[in-house]
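**Q** please find the sequence and the predicted model below.
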Amino acid sequence: MHLAVYLPLLLTLVAPLGARPLAERCEPRLATWLLTASALLLGAASTLCLGLLAIAGLVQIPWLASLGHWSSAAASSDDPTRLPVALVAGLLLGGAAIAAGRMFWRRARSLAAAAMEAACTPARDGVAVVDDMAPDAFALPGLPGRVVVSTGMLRTLDEAEHDILLAHERAHLSAHHYAFVALAQLGAAANPLLRPLAAAVGYTVERWADERAAAGTGDRVRVARAVGKAALAARHTATGAPHGAALGILGLLGRGGRRGGRKDPLAGAGPVPRRVAALLAPPLGPHPALTAATLVTLLVAGVSSAEAAQDLHELLRSIGAS
């Protein structure tokens, strides 16, 4: 076991640094695919490498080596992995397996409950209106899925904005955004260092739905206003007064566009003001440099994991013959 086994672990330290640039500068659908793949594959690769390190070190313990008819002395001389490293890797592996298992179970239960609720929810053209003054709207995945909208949200928006809202929520259902979020969260559960990637997926699926709504209506400014109004109404209901981030939305709607030559005021903003700003700007392209960097990172992680697994296979074969 040499450098290859550590590369995926090192990449999980670096990859989160690219989460926000990828989410902000790349076309949302592509960004969602890349971020989800990164969270899932890097989570799997880092977990695999922890397992390889644990096995390589533990076979140096005589009584464990005897179970597989291996030579612990040969393992100690042939492999540089030290027992303390293997023990730490084993502990981290156990934690990763438990966290990933719990996340998988919770997501499976929530999706099953959502599917049952969707099946039992009466709807017209896939839209269920609930009598609730609190402004709310969400996509309920199922077979078929439902768009659930409260009467409070319908009163908040005008007729044209109703269509935008429905287009946004239907985009979540048709593109199966809940699956992207679940897979990214599963990768982040296995490796908490990847949580920024999972959070970025939660943002990019909203941007993806925003762009679908904008493409359907042909009016990006109107979609931006609908997003801002819905967020303001929900925030006001939750807190009793407009929040600072919500006030920032009003400022964006009043001025619009991106500010060139000055520090970006959205650097510390929340997701809704950034979504509004993105809608007030021209649509984003695929950003070849970020796309290529992400694909290279995934390729390196995959090749390194495969090489590390091959190293362990060769080690076990050599010490078994000793």
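**A** Looks like it came in fine.
**Q** low-confidence bits of this protein, can you list those?
**A** Filtered on pLDDT under 70, the chain yields the residue ranges 1-2, 60-83, 235-269, 315-316, 318-322.
**Q** what do you get if the cut-off is 90, keeping everything else the same?
**A** Where the chain drops to pLDDT under 90, the residues are 1-6, 52-90, 107, 110-128, 130-145, 156-160, 217-218, 228-272, 308-322.
**Q** the residue most central in space within it and T121, how far apart?
**A** For the chain, A198 is the residue whose C-alpha lies nearest the centre (CA atoms, centre = their mean; 2.5 Å). Using CB to CB, to the nearest Å, A198 is found at 28 Å from T121. C-beta: built from backbone N, CA, C; applies to glycine.
**Q** ok, A289 next?
**A** A289 sits 45 Å away from T121, going by CB to CB.
**Q** once you drop chain neighbours, what's closest to H162?
**A** Distance criterion CB to CB, 6 or more residues apart in numbering; nearest residue to H162, sequence neighbours excluded, is L154 at 6.5 Å.
**Q** flag every buried residue along stretch 291-309.
**A** Under the neighbour-count criterion of 16 or more other CB atoms under 10 Å, stretch 291-309 has 291, 293-294, 297-298, 300-301, 304-305, 308-309 buried.
**Q** the more surrounded of A289 and T121?
**A** Per other CB atoms under 10 Å, whichever of A289 and T121 has more neighbours is T121, with 14 against 11.
**Q** surely the more buried one touches V147?
**A** No: using CB atoms under 8 Å, T121 is not in contact with V147, being 10.1 Å away.
**Q** mutual contacts of those two, please.
**A** Common neighbours of T121 and V147 (criterion: CB atoms under 8 Å, 6 or more residues apart in numbering): 128, 140.
**Q** the helices in the stretch 51-200 of the chain, which residues?
**A** 62-67, 72-78, 83-120, 151-156, 159-174, 177-190, 195-217 (DSSP state H, counting those that start in this stretch).
**Q** mind listing what R207 touches?
**A** With CB under 8 Å, 6+ apart, R207 has these contacts: 23, 28, 31, 275, 278.
**Q** could you say which helix or strand contains the last one?
**A** What that stands for is A278. helix 271-280 (DSSP states H and E).
**Q** next one: the first one
**A** Following DSSP H and E, the helix or strand that holds A23 is helix 19-25.
**Q** in stretch 87-105, what counts as buried?
**A** 89-90, 92-93, 96, 99-100, 103.
**Q** so which of these is the closest to P135?
**A** When those are compared for distance to P135 (CB to CB), M103 comes out closest, at 30.1 Å.
**Q** neighbours around E159, how many?
**A** 7.
**Q** look up how far F138 lies from it.
**A** E159 is 21 Å from F138, by CB to CB.
**Q** try G218
**A** From G218 to F138 the distance is 25 Å (CB to CB).
**Q** between these two, who's got more neighbours?
**A** Taking other CB under 10 Å, G218 and F138 do not tie; F138 has more neighbours (13 against 8).
**Q** how many neighbours does the closest residue to the more buried one other than its chain neighbours have?
**A** The shortest distance from F138 to any non-neighbouring residue, by CB to CB, 6+ apart, is to V148 (5.6 Å). V148 sits with 21 neighbouring residues when counted by other CB under 10 Å.
**Q** with A112 instead?
**A** 11.
**Q** please name the bridge partners of the residue nearest to F138.
**A** Beta-bridge pairing of V148 under DSSP bridges involves A128, F138.
**Q** please verify my assumption that it contacts G142.
**A** No: if you go by CB under 8 Å, V148 and G142 don't touch, sitting 11.0 Å apart.
**Q** quick one, phi/psi of the closest residue to A118 other than its chain neighbours?
**A** Closest residue to A118 apart from its sequence neighbours, by CB to CB, 6+ apart: G142 at 2.8 Å. For G142, the backbone dihedrals (degrees, to the nearest 10) come out as phi 180, psi -170.
**Q** quick one: contacts for G142?
**A** 114-119.
**Q** at 10 Å what do you get?
**A** Applying CB atoms under 10 Å, 6 or more residues apart in numbering to G142 gives the contacts 111-121, 173.
**Q** same question for S46.
**A** Counted by CB under 10 Å, 6+ apart, S46 has contacts 7-13, 92-93, 96, 187, 190-191, 193-194, 301, 305.
**Q** how about G95?
**A** 50, 190, 192.
**Q** any idea how far L183 is from it?
**A** G95 is 20 Å from L183, by CB to CB.
**Q** now the buried members of the contacts of S46.
**A** 7-9, 11-12, 92-93, 96, 187, 190-191, 193-194, 301, 305.
**Q** just to revisit the earlier point, nearest to V127, of the contacts of R207?
**A** R275 (22.4 Å).
**Q** pull the number of nearby residues for that closest one.
**A** 25.
**Q** check H313 too.
**A** Neighbours around H313, by other CB under 10 Å: 11.
**Q** ok, now A15?
**A** Neighbours of A15 using other CB under 10 Å come to 26.
**Q** surely it meets L194?
**A** Yes: if you go by CB atoms under 10 Å, A15 and L194 touch, sitting 7.0 Å apart.
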